[in-house]
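Colleague: starting from these lines, generate the structure:
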Amino acid sequence: MNQAIRQPDLNFFRYPLIGTDDWRYAYATARVRALQSQMLSRAELLDLTNAENFTAAAELLSQTQYALPQNANLNDLENILLQRRTELRVLFKKLIIDEDIIEPLIVREDFANMRLALRRKLTEKPVGLDYSNDGSIPAEDFEKIFEEENYTPLPYHMREAIERAVLAYYQDKDIRQIDYALDYTHFEYKLNRAIRTKHIFMTELFRMQIDINNIKTLLRLKFTESEVRDVFIFGGFLNIRELKIALDADFETIKTIFAHTPYKEIFEQGINYLTENNSFIKLEQKCDEHLAGFLKTTNNITAGPQPIIAYLLGKEAEIRKIRLILTAKKNELEKQLILDRTGN
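Modeller: Model prediction:
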């Protein structure tokens, strides 16, 4: 474990600190404030959910940047959403002045690509062509690296992640160990980067993301009665010892253990829905909602990279919601199920 990471103090009620203004970002902040006003409102997302079917929902998007061609299908939807996401990430890179802020936020795409490649290689499935091109390693180069099994061109943290994931997988040939190993290395790397650059907002953001990851891991392990242990990621606000103790407690006790934390509502509503419906969709929704609430606190920043990071993550969340709602409509899922997942 890198010594830069330590267990932080949980010294806030709801959300951690976001840092101070940086007037170098005055123009960029004004730009994203204008763009935020063009994002879909809660009412517009609810209208999508209430639409009679996929075609009606697609029609509601006709006056937005997500407009679909006539007689569109899910492939058309995915192409539009990926195009908008790429445009968003290009804009983010243009607006951010400090390079050391960009890399920790785009490295997630590299880890997503590694997850895909390792799952295919270790389970002897063909390596496909659908890698993201939004990371630091071009998709074309990434595919070649894994086909040739020559990882030398990759930076050290990626090589370390691959080694950890492969070793973890071959212990029991459990494909979930790939995810645990990659998540651990991913968060360890970007949290260390944020700490070293003394960027308060990114440090607190990554710590919160670690907590959310650990909460999901805890409840999934508990629900499946898994014997897996020692997969929690260090560096978040939640105490690792309490997370491990919770694995051996019942669900009601788990709610009590974490009642003193900012995540009380996530545990309560996530567990209640899980035990009643055998589904994690409310857990996912409450985690998304908590993170979105933290990002909204950047409205208190007049100028700085914080609102730009918040816009990036918020807009990506909007894209995911549109994908989720329209995919559900195409598959004729119940409206209440969509509402439970999106929280609209």
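Colleague: tell me the SS of I137?
Modeller: State at I137, reduced to three classes by DSSP: H, G, I helix; E, B strand; the rest coil: coil.
Colleague: wait, it sits on M114?
Modeller: No. Contact between I137 and M114 fails when scored by C-beta atoms under 8 Å: they sit 9.3 Å apart. Where you see a C-beta, it was placed from the backbone N, CA and C, and this is true even at glycine.
Colleague: so what sits against both of those two?
Modeller: Common neighbours of I137 and M114 (criterion: C-beta atoms under 8 Å, 6 or more residues apart in numbering): M158.
Colleague: please say which of these two ends up with more neighbours.
Modeller: The neighbour count for I137 versus M114, taken as other C-beta atoms under 10 Å, is higher for M114 (27 against 21).
Colleague: now the one helix or strand that one maps to: mean pLDDT?
Modeller: Assessed by DSSP states H and E, M114 sits inside helix 99-122. When pLDDT is averaged along helix 99-122, the result is 85.
Colleague: the residue lying closest to L238 once chain neighbours are set aside sits in which helix or strand?
Modeller: Spatial nearest neighbour of L238, chain neighbours left out: D211 (4.9 Å); criterion: C-beta to C-beta, 6 or more residues apart in numbering. In this assignment (DSSP H and E), D211 forms part of helix 200-223.
Colleague: which is the next helix or strand following that helix?
Modeller: Note on helix 200-223: by DSSP H and E, the next helix or strand toward the C-terminus is helix 240-246.
Colleague: who does the next helix or strand along the chain from that next one touch, helix- and strand-wise?
Modeller: Downstream of helix 240-246, the next assigned helix or strand under DSSP H and E is helix 251-257. The contact analysis (3 or more C-beta pairs under 8 Å, 6 or more residues apart in numbering; DSSP states H and E) places helix 251-257 against helix 200-223, helix 240-246, helix 264-277.
Colleague: and with 6 Å instead?
Modeller: Secondary-structure packing of helix 251-257 (3 or more C-beta pairs under 6 Å, 6 or more residues apart in numbering; DSSP states H and E): helix 240-246, helix 264-277.
Colleague: avg pLDDT for that helix?
Modeller: pLDDT averaged over helix 251-257 gives 94.
Colleague: how about the helix holding M114: buried residues?
Modeller: Neighbour counts over helix 99-122 (16 or more other C-beta atoms under 10 Å) mark 101-119, 121-122 as buried.
Colleague: again, but for stretch 301-319
Modeller: Neighbour-count burial for stretch 301-319 [16+ other C-beta under 10 Å]: 301, 303-315, 317-319.
Colleague: quick check: which ranges of the stretch 201-344 of the chain have low pLDDT?
Modeller: Scanning the stretch 201-344 of the chain for pLDDT under 70 picks out the ranges 344.
Colleague: what does the helix holding M114 rub up against?
Modeller: 93, 96, 127, 131-132, 134-137, 142, 146, 165, 169, 178, 182, 186, 190, 193, 197, 305 (C-beta atoms under 6 Å, 6 or more residues apart in numbering).
Colleague: what's the following helix or strand after it?
Modeller: Counting by DSSP H and E, what follows helix 99-122 is helix 139-148.
Colleague: what angle do that next one and helix 99-122 make?
Modeller: Relative orientation of helix 139-148 versus helix 99-122 (axes from the mean of the first three to the mean of the last three C-alpha atoms, to 10 degrees): 40 degrees.
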